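[1] A predicted structure for the sequence below; I have some questions about it.
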Amino acid sequence: MLRKLLIGCVSFALVAVGAAPAIAAESTIRPVRSCAELVREFAVPDARTQVTSAAVVPASGTTPEFCNVQGKIEPNVGFQLKLPTQTYRGRYVQYGCGGFCGFISDPAFPQCGPAFGDAAVAATDDGHQWSNMDPFDTTWAKNDQKARDDLFFRAPHVLSKVSKHIIGSFYGKGPKKSYFTGCSNGGREALLLAQRYPHDFDGIIAAAPAAYYTGLIGYQAWIARNTIPNEAVDVLHAAVLKACDGLDGLVDQQLDEPRRCRFDPATLRGSLTDDEIARAKRLYAGPASDGVRLYPGGQPYGSEQGWKFWMNPSPDFPTGLAAPLADNGLKHLVYPIGKPHSSLAEFQFTVREFRRLVPETVKGNALSLDLSEFRRSGGKLIIWHGAADQAIPAEGTIDYWHRLTGGKQPDWARLFIVPSISHCAGGDTLTTFDPLPELVKWVEGGAAPSKVIASGRSADGPRTRPVFPYPLRAQYDGSGSVDDAANFVAAPGFGFVDRIRWAGEDLYHRPGPVAP
């Protein structure tokens, strides 16, 4: 359960969804050497690699037979690469990892459905491993700058180099098209790859990107200190839906645009305590110090049910998620080595403390506004974010998009804001969004996606809903079920000012020297 939440759940079944014909119509590419022959050292420039195991795994269900490759890239980047032995047609797909990483997220997750059909797929632990199976462990980062840099920016890049090298060795030639998809920290990795390593991938999906690393750990500490009991969360959520569900023009159990909601928690006095009301107001407003916003966003209206496990204890997460993410990040990761660190108990989210975080965390931020080389190389980028994300507010992603594009839709990038969806997946109604098939069609067929279908359930049964490129929104056409995507058309957005004034505005930048 924890790994599924941290990495997000994305399926990759190109054959089933109908990939672009440019590659799919070609015959399969068979290996030119045995799987076992891959167990050796590969002298990849700046990424010397030792494959420690390579074994054929028989076909099972919808997963074809593949060569399961595992190894390590110097100094300590663990990885897994799956190479289809009978169905490969030239695609490579790399998955990002979430949280502080430290494990290899298996792309063939049973909960995610078939992970690949005609593509080689890979994932990495980002250069370190969990200690005592603790996903929040950051002790590995306390005195190891190389390990930090692998997490911040290097590991996904060197895995791309190594995977393509091994693919070339196994099949006799490298991949024809390469794709990266990741959510949360994996979404941050996705943006960084487009910004710093613009030739690594032909298509990139950045979902709910943790791009604002400087402010994000502080944001987790801040929301962890403003928790509200689950019983009060239920009352608050019901009241928010009652007050704001119809503001987007349709009463359908979800908020398409949370920013339209102006619900005042004080109206629940008597059902909520004064302290709970004050905490709710702070959560919606977002952190600020001396009138300066410390993060480009706050908890969105409609996200309340996600607070129950992200901020509060639950059977799956006894301490919640925000608190250990903040505590461990502050203790060992986000201040420069040798400088005073902090902890959740000590941390004060102020402008001064925000500035103390910059020297180290700027290495992990994915806030460059210069993606010109990625565009010139023919790269295609899809960014998406759940409107009800309780972990990383979508406002920050919208702010980045506005600064990057001026609010336009360039011919190489699209943004989708998905109503109802929480962090990476789940939500009140819509719960799943997978633009990867559309990205493949765009890269290989040339047509930018005009919409992507999100799915989930309403009180009446299954729900599908089109999501149009931001700032367009889905509008009910007035006939048929509101749970059927076919009954919605594209409409203009609500006209919000998307640029946010906050303490980290000087962190948006053009790239500096690119690390190897």
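    Sure thing, it's come through. Numbering: from 1, shown residues only.
[2] for the protein, longest helix please?
    Secondary structure assigned by DSSP state H gives helix 155-171 as the longest helix of the chain.
[3] Sheet-wise, list the partners of the following helix or strand past that one with their directions.
    Sequence order places strand 177-183 as the next helix or strand after helix 155-171, per DSSP states H and E. According to DSSP bridges, strand 177-183 forms sheet pairs with strand 91-95 (parallel), strand 203-207 (parallel).
[4] Can you spell out which helices and strands pack onto the helix or strand just after the last one?
    Right, strand 203-207. Counting by DSSP H and E, the next helix or strand C-terminal to strand 203-207 is helix 213-224. With contacts taken as 3 or more CB pairs under 8 Å, 6 or more residues apart in numbering; DSSP states H and E, helix 213-224 sits against helix 322-332, helix 351-361. Yep, even glycine has a C-beta here, placed from its N, CA and C like the rest.
[5] In terms of secondary structure, what does the last one contact?
    Helices and strands touching helix 351-361, by 3+ CB pairs under 8 Å, 6+ apart, are helix 213-224.
[6] what's the following helix or strand past the helix it packs on in contact with?
    Using DSSP H and E, the helix or strand that follows helix 213-224 in sequence is helix 230-244. Contact with helix 230-244 is made by 228, 253, 255, 258, 260-263, 265, 267-268, 271-273, 276, 280, 301-302, 304-305, 307-308, 312, 428, as judged by CB atoms under 8 Å, 6 or more residues apart in numbering.
[7] which among the residues you listed end up buried?
    228, 253, 255, 258, 261, 263, 265, 268, 272, 276, 280, 301-302, 304-305, 307-308, 312, 428 (16 or more other CB atoms under 10 Å).
[8] Just those: which are in helices?
    Among these, the residues falling in helices (DSSP H) are 276, 280, 304-305, 307-308.
[9] of all the residues you listed, which two lie farthest apart?
    276 and 305 (16.0 Å; CB to CB).
[10] rewinding a little: got the strands paired with strand 177-183 as TSV, with distance to residue 460 and mean neighbour count columns?
    Shown next, in TSV, are the strands paired with strand 177-183 (distance: least, CB to CB, whole Å; neighbours: other CB atoms under 10 Å):
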stretch	distance to residue 460	mean neighbour count
strand 91-95	34	27
strand 203-207	28	29
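[11] which of the ones you listed has the lowest average pLDDT?
    Of all these, the minimum mean pLDDT falls on strand 91-95 (a mean of 95).
[12] how far is it from where the chain is centred?
    16 Å (CA atoms, centre = their mean, to the nearest Å).
[13] now the angle from that strand to helix 155-171?
    For strand 91-95 against helix 155-171, the angle by axes from the mean of the first three to the mean of the last three CA atoms, to 10 degrees is 150 degrees.
[14] After strand 91-95, which helix or strand is next?
    Heading C-terminal from strand 91-95, the first helix or strand you meet, by DSSP H and E, is strand 119-124.
[15] So for the helix or strand just after that next one, mean pLDDT?
    As assigned by DSSP H and E, the chain's next helix or strand after strand 119-124 is helix 145-149. The pLDDT scores in helix 145-149 average 98.
[16] which outside residues touch helix 145-149?
    Contacts with helix 145-149, where a contact means CB under 8 Å, 6+ apart, come from 75-76, 127-128, 140-141, 333, 337, 360, 363, 515.
[17] Redo those residues as a markdown table? Include distance to residue 464 and neighbour count.
    Supplementary listing: the contacts of helix 145-149 in a markdown table, determined by distance: CB to CB, whole Å; neighbours: other CB atoms under 10 Å:
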| residue | distance to residue 464 | neighbour count |
| --- | --- | --- |
| 75 | 46 | 11 |
| 76 | 43 | 17 |
| 127 | 39 | 28 |
| 128 | 40 | 25 |
| 140 | 43 | 21 |
| 141 | 42 | 24 |
| 333 | 40 | 24 |
| 337 | 49 | 14 |
| 360 | 43 | 20 |
| 363 | 41 | 17 |
| 515 | 43 | 14 |
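[18] Export those residues as JSON lines, with columns for distance to residue 488.
    JSON lines is the format used below for those (distance: CB to CB, whole Å):
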{"residue": "75", "distance to residue 488": "51"}
{"residue": "76", "distance to residue 488": "48"}
{"residue": "127", "distance to residue 488": "44"}
{"residue": "128", "distance to residue 488": "45"}
{"residue": "140", "distance to residue 488": "47"}
{"residue": "141", "distance to residue 488": "46"}
{"residue": "333", "distance to residue 488": "43"}
{"residue": "337", "distance to residue 488": "52"}
{"residue": "360", "distance to residue 488": "45"}
{"residue": "363", "distance to residue 488": "42"}
{"residue": "515", "distance to residue 488": "45"}
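[19] Mind putting these into a markdown table with pLDDT and distance to residue 397?
    Below are the contacts of helix 145-149 laid out as a markdown table (pLDDT from 0 to 100; distance: CB to CB, whole Å):
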| residue | pLDDT | distance to residue 397 |
| --- | --- | --- |
| 75 | 97 | 32 |
| 76 | 97 | 31 |
| 127 | 97 | 26 |
| 128 | 96 | 27 |
| 140 | 96 | 29 |
| 141 | 97 | 26 |
| 333 | 98 | 22 |
| 337 | 98 | 30 |
| 360 | 97 | 23 |
| 363 | 96 | 20 |
| 515 | 36 | 25 |
